[in-house]
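Q: here is my input, please return the structure:
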Amino acid sequence: MSDEFPDGICTLNLTKDLTEITQGRDLAPGQIAKLVREKNNITDFGLKFMFDIMKELDLSADVIEVVYTAICKIATKKPEEPTELLVAAEGAEEEEKDRIEEENNKIKEANELKEKDNAKIAKL
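A: Numbers count the residues shown, from 1 in each chain. Next up, the predicted model:
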């Protein structure tokens with residue numbers, strides 16, 4: 001396999017920046033998928049050609065739409081903000097402090113997962 005196409009990487013080469021294609025609008029992944037499939041937005045000759053002869057290849061438009069929508073959903077995912085930790089009120093009883101500490105442990109775990117996801121998103 002060529003170094004140009006490493007494993008685990010999927011790219012859509014577009015003629016313009018995604019912001020330009022969407023005209024700066026915040027669109028759903030399905031809407032973005034339709035826009036980037038337009039011939040004037042695709043730079044790959046092979047992909048354009050495939051779309052031209054799609055019927056002869058017995059490729060289902062529905063399958064292509066699902067794949068493109070999935071790619072666009074991943075590519076346009078935004079990082080999630082971490083959840084703030086809870087703070088016990090002054091003079092709170094031990095039982096309440098323990099409950100908040102337990103809840104904060106769950107929040108910390110969720111924030112760690114968000115941080116890992118955000119790191120993955122940053123690499124996209």
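Q: residues in contact with the helix or strand of the chain with the lowest mean pLDDT: which ones?
A: In the chain, no helix or strand scores lower on mean pLDDT, DSSP states H and E than helix 45-52, which sits at a mean of 77. Contacts to helix 45-52, defined as CB atoms under 8 Å, 6 or more residues apart in numbering, come from residues 37, 39, 42, 57, 59. Any C-beta I mention is one placed from the backbone N, CA and C, and that applies to glycine too.
Q: name the residue closest to the centre of this protein, please.
A: residue 74 (2.3 Å; CA atoms, centre = their mean).
Q: please tell me how far it sits from residue 60.
A: Residue 74 sits 21 Å away from residue 60, going by CB to CB, to the nearest Å.
Q: if we can go back for a sec, in what helix or strand does the residue nearest to the centre of the chain lie?
A: helix 61-75 (DSSP states H and E).
Q: what angle do the next helix or strand after that helix and helix 61-75 make?
A: Going down the chain from helix 61-75, the next helix or strand is helix 94-123, by DSSP H and E. Using axes from the mean of the first three to the mean of the last three CA atoms, to 10 degrees, the direction of helix 94-123 lies 120 degrees away from that of helix 61-75.
Q: what comes up buried for helix 94-123?
A: 100, 104, 107, 111, 118 (16 or more other CB atoms under 10 Å).
Q: centre of the chain to that helix, how far?
A: In terms of CA atoms, centre = their mean, to the nearest Å, the centre of helix 94-123 is found 21 Å from the chain centre.
Q: cool, stretch 36-56 as well?
A: 23 Å.
Q: before we move on, back to that, quick check, pLDDT for the residue nearest to the centre of the chain.
A: Looking at residue 74, its pLDDT stands at 81.
Q: also residue 20?
A: 91.
Q: got the domain boundaries for the protein?
A: The chain breaks down by automatic domain parsing into domains covering 18-75, 80-124.
Q: can you lay out the ones you listed as JSON lines showing distance to residue 11?
A: Shown next, in JSON lines, are the domains of the chain (distance: least, CB to CB, whole Å):
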{"stretch": "domain 18-75", "distance to residue 11": "9"}
{"stretch": "domain 80-124", "distance to residue 11": "10"}
